[in-house]
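> Below are the sequence and a predicted model; questions follow.
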Amino acid sequence: MTQEELFKKLISHCKEYGFIFPSSEIYDGLSAVYDYGQYGSELKNNIKKYWWDSMVLLNDNIVGIDAAIFMHPRTWEASGHVGAFNDPLIDNKDSKKRYRADVLIEEHIAKLEGKIDKEVEKAAKKFGEAFDKNQFITTNGRVLEIQKEIDTVRARFVAALEKPDLDAMRQIIVDCEIVCPISGTKNWTDVRQFNLMFDTKIGSVSDEANVIYLRPETAQGIFVNFLNVQKSGRMKVPFGIAQIGKAFRNEIVARQFIFRMREFEQMEMQFFVRPGSELDWFDKWKEKRLRWHLAMGINPEKYRFHKHDKLAHYANAAYDIEFQFPFGFKEVEGIHSRTDYDLGRHAQFSGKKITYFDPELNQSYVPYVIETSIGVDRMVLLALANGYAEEKVVKEDGTTDERVVLRIPPALAPVKLAVLPLVKKDGLDEKAQQIVKALRFEFNCQYDEKDSIGRRYRRQDAIGTPYCITVDHQTMQDDTVTIRNRDTMQQERIPIAGLQKYMGDKVSIRSMLEKI
Ligand code: GAP
């Protein structure tokens with residue numbers, strides 16, 4: 001199965017099993033907007049708890065807030081979003097489809113890189129063990145030619161972005177002979193800037209003065225509350241403010257399911273530090289955030305750092321944490337050293353003094369900021385895409401069956417355990433219900449008595465339930481149950497009295513937090 005096919009299957013699985021639905025589907029949906037179903041919202045809540053606890057519970061010097069989505073419009077002038085939160089867009093005149101000009105160019109570069117990979121693959125096959133990849137890519141004529149083309153396009157692209165020069169960007173698209181994937185033609189419009197912020201009106205009088213924006217990032221709610229939190233919490237630099245909340249962007253190209261949405265959720269933490277110490281803190285947070293990801297038990301090879309070549313004008317360091325989604329390595333989280341830009345700009349635009357008096361240095365300054373910013377929805381997609389598998393299963397009678405299993409990290413799984421009476425008689429069903437009643441205070445449990453035990457296992461595998469407990473006739477004699485592991489499908493017998501501890505050890509968020 002190709003990665004593309006796998007991704008399509010995952011999307012329909014998410015709908016069929018109550019994880020994610022297209023928004024307002026009965027009206028044919030709304031582009032790039034999705035609703036979370038009964039299991040999707042549990043998964044999302046668990047991800048948010050894991051992040052929140054890792055920030056707010058585990059750090060004495062980090063507190064959490066919940067700022068409003070609507071903010072004073074001047075906020076977005078100060079932050080630079082009114083002037084510069086733009087994407088360059090281009091239309092194909094034949095298909096009437098709209099694209100991000102920068103994405104078209106990036107995809108063209110990725111295609112060229114793919115050509116090099118193919119040459120390498122071919123040569124590796126041809127030369128076998130004797131193949132030296134480094135030597136090949138530095139000497140092979142065809143590879144050098146493609147690499148030269150990549151370097152030229154990239155240099156022109158970076159120059160066009162930096163200015164920004166929209167005509168130059170269009171010229172790259174024309175020179176590279178990039179075609180519209182729908183019409184197959186090169187009939188392009190000019191490139192125009194498109195502001196990604198949604199606006200709406202506040203109050204009952206509809207005039208210009210009442211235009212406000214739906215926040216495009218949660219971070220500004222933290223910056224404008226810097227003094228409130230610092231003073232009311234008597235916080236001492238270095239300290240952090242964390243927040244989880246919705247953000248809105250009128251994305252031009254909204255594809256890849258919940259990867260790029262118009263309404264999404266962010267988990268952001270701004271860490272305020274002494275000027276001059278920011279790059280040390282940047283390194284610490286960069287490593288710490290990767291540890292947070294790896295503590296979920298996901299294969300480290302699926303992660304990589306990506307260093308930003310072109311820094312935003314306010315940043316002095318920026319890395320992305322990228323994950324290998326079915327459509328390639330893509331950003332899931334950004335770590336940015338934002339200097340004193342945001343606090344400085346808010347001081348300038350509001351006319352308020354936004355500084356911190358450092359008692360140890362006996363001086364006031366505008367703190368520098370390290371930001372960690374991660375999308376909740378991208379984490380949901382990461383957990384689902386990483387966990388989805390189709391497998392052949394050999395049954396007890398020797399015949400084979402197929403199962404779809406979601407290997408979501410157990411602590412994040414929507415349902416933690418299912419309790420299944422082997423048969424619905426002889427008191428087994430009542431016993432199973434008693435177990436659910438005792439465990440549901442701590443774990444999301446399901447009781448299921450319908451169909452064969454095998455079919456019940458399949459249903460739980462499909463929603464990622466890490467443990468299934470079966471109540472059988474032996475249970476009625478010695479108060480033990482079998483517990484089946486989703487991933488290994490192995491079963492063991494344990495006393496009912498030991499279930500709470502067993503589950504706590506296996507599925508608690510604490511078990512991941514301890515590894516960070
Ligand atoms: N405050 C910094 C900031 O907003 P960003 O790189 O634009 O930085 C941070 O966004 C994270 O938010 C991304 O790494 C991604 O996980 C998530 N994100 C951004 N745009 C998104 C979208 N349209 N849909 C889903 N998630 C998005």
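Yes, it's here. Numbers count the residues shown, from 1 in each chain.
> does the residue in the chain that the ligand sits nearest to have beta-bridge partners, and which?
Across the chain, the shortest distance to the ligand (C-beta to the nearest ligand atom) belongs to G375, at 2.5 Å. For glycine as for every other residue, the C-beta is placed from the backbone atoms N, C-alpha and C. For G375, the beta-bridge partners are Q266 (DSSP bridges).
> Mind listing what's buried along stretch 46-56?
N46, I47, K48, Y50, W51, W52, S54, M55, V56 (16 or more other C-beta atoms under 10 Å).
> Stretch 392-412 now?
Here stretch 392-412 shows R403, V404, V405, L406, R407, I408, P409, P410, A411, L412 as buried, counting by 16+ other C-beta under 10 Å.
> List the ones among the residues you listed that fall in helices.
With DSSP state H as the criterion, helices contain none of the buried residues of stretch 392-412.
> F272 sits in which helix or strand?
strand 263-273 (DSSP states H and E).
> which other helices and strands contact that strand?
helix 38-52, helix 219-223, strand 239-248, helix 278-294, strand 368-375, helix 376-387 (3 or more C-beta pairs under 8 Å, 6 or more residues apart in numbering; DSSP states H and E).
> Next one: F327 relative to R255, how far apart?
9 Å (C-beta to C-beta, to the nearest Å).
> Of the two, give the one with the bigger neighbour count.
F327 (14 against 11; other C-beta atoms under 10 Å).
> what does the stretch 1-150 of the chain have sitting close to the ligand?
Remark: no part of the stretch 1-150 of the chain is in contact with the ligand, using C-beta under 6 Å from any ligand atom.
> Tell me which stretches of the stretch 1-150 of the chain form strands.
20-22, 34-36, 62-65, 86-91, 98-100 (DSSP state E, counting those that start in this stretch).
> Between these, which one is closest to E287.
Distance to E287, taken as C-beta to C-beta, is lowest for strand 62-65 among the strands of the stretch 1-150 of the chain, at 16.5 Å.
> What pairs with the closest one, parallel or antiparallel?
strand 239-248 (parallel).
> contacting residues around the partner strand?
48, 51-52, 55-56, 59, 61-67, 69, 197-198, 214-218, 221-222, 225-226, 229-230, 262-272, 376 (C-beta atoms under 8 Å, 6 or more residues apart in numbering).
> Now list the buried members of those.
Buried, going by 16+ other C-beta under 10 Å: 48, 51-52, 55-56, 62-65, 67, 197, 214-218, 221-222, 225-226, 229-230, 262-272, 376, out of these.
> Compute the first-to-last residue distance for stretch 181-197.
With C-alpha to C-alpha, to the nearest Å as the measure, the first residue of stretch 181-197 is 27 Å from its last.
> Kindly apply the preceding question to stretch 23-39 instead.
Per C-alpha to C-alpha, the first residue of stretch 23-39 is 16 Å away from its last.
> what's near enough to touch the residue lying closest to I202 once chain neighbours are set aside?
Among residues not flanking I202 along the chain, I212 sits closest, at 4.8 Å (C-beta to C-beta, 6 or more residues apart in numbering). With contact taken as C-beta under 8 Å, 6+ apart, I212 is in contact with F70, M71, H72, P73, D199, T200, K201, I202.
> Any of the residues you listed buried? List them.
By 16+ other C-beta under 10 Å, those give M71, P73 as buried.
> ok, back up a step: of the strands of the stretch 1-150 of the chain, which is nearest D451?
strand 20-22 (24.8 Å).
> does E391 really touch L406, like I thought?
No. Using C-beta atoms under 8 Å, E391 makes no contact with L406, being 11.6 Å away.
> So in this structure, which helix runs the longest?
helix 101-127.
> Within range of the ligand, give me the residues from the stretch 151-300 of the chain.
So the stretch 151-300 of the chain meets the ligand at E217, A219, R249, E251, R260, M261, F264, Q266, E268 (C-beta under 6 Å from any ligand atom).
> could I get those residues as CSV with pLDDT?
Output for those, formatted as CSV (pLDDT from 0 to 100):
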residue, pLDDT
E217, 97
A219, 97
R249, 96
E251, 91
R260, 95
M261, 96
F264, 98
Q266, 98
E268, 98
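> Domains in this structure, by residue range?
86-195, 410-513 (automatic domain parsing).
> Need those in a markdown table (columns: distance to E396).
Compiled in a markdown table, these are given as follows (distance: least, C-beta to C-beta, whole Å):
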| stretch | distance to E396 |
| --- | --- |
| domain 86-195 | 43 |
| domain 410-513 | 9 |
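> Enumerate the positions of the longest helix of the chain that are buried.
For helix 101-127, by 16+ other C-beta under 10 Å, it's A101, D102, V103, L104, I105, H108, I109, K115, I116, E119, V120, A123.
> Kindly report the same for stretch 462-482.
So, applying 16+ other C-beta under 10 Å, buried residues of stretch 462-482: 462-472, 475, 480-482.
> any idea how far the residue of the chain closest to the ligand is from K44?
11 Å.
> Quick check: neighbours shared by these two?
Joint contacts of G375 and K44 (C-beta under 8 Å, 6+ apart) are E265.
> Tell me, how many residues neighbour N444?
17.
> for S337, which residues make a bridge with it?
A317, I370.
> right, and it touches A317 too?
Yes. Counting by C-beta under 8 Å, A317 is a contact partner of S337 at 4.1 Å.
> could you pull out the helices for the stretch 301-450 of the chain?
Assigned by DSSP state H, counting those that start in this stretch, the helices in the stretch 301-450 of the chain fall at 341-350, 376-387, 428-439.
> Nearest to V143 among these would be which one?
helix 376-387 (31.2 Å).
> So which elements touch that closest one?
helix 3-16, helix 38-52, strand 263-273, strand 317-325, strand 328-339, strand 400-406.
> Nearest to K133, out of the helices and strands packed on strand 263-273?
Across these, closest to K133 is helix 278-294 (C-beta to C-beta), at 26.0 Å.
> got the angle for the closest one vs strand 263-273?
140 degrees (axes from the mean of the first three to the mean of the last three C-alpha atoms, to 10 degrees).
> what angle sits between helix 278-294 and helix 376-387?
Using the same axes, to 10 degrees: helix 278-294 against helix 376-387 is 50 degrees.
> Contacts for helix 278-294, please.
With C-beta under 8 Å, 6+ apart as the criterion, helix 278-294 contacts 50-51, 54, 238, 271, 273, 300, 303, 305, 316-317, 319, 321, 323, 332-333, 335, 337, 339, 368-370, 372, 374, 515-516.
> Give me the buried positions along it.
E278, W281, F282, W285, K286, R289, L290, W292, H293, L294.
> Ok, stretch 360-371 next?
Those would be V366, P367, Y368, V369, I370, E371, for stretch 360-371 by 16+ other C-beta under 10 Å.
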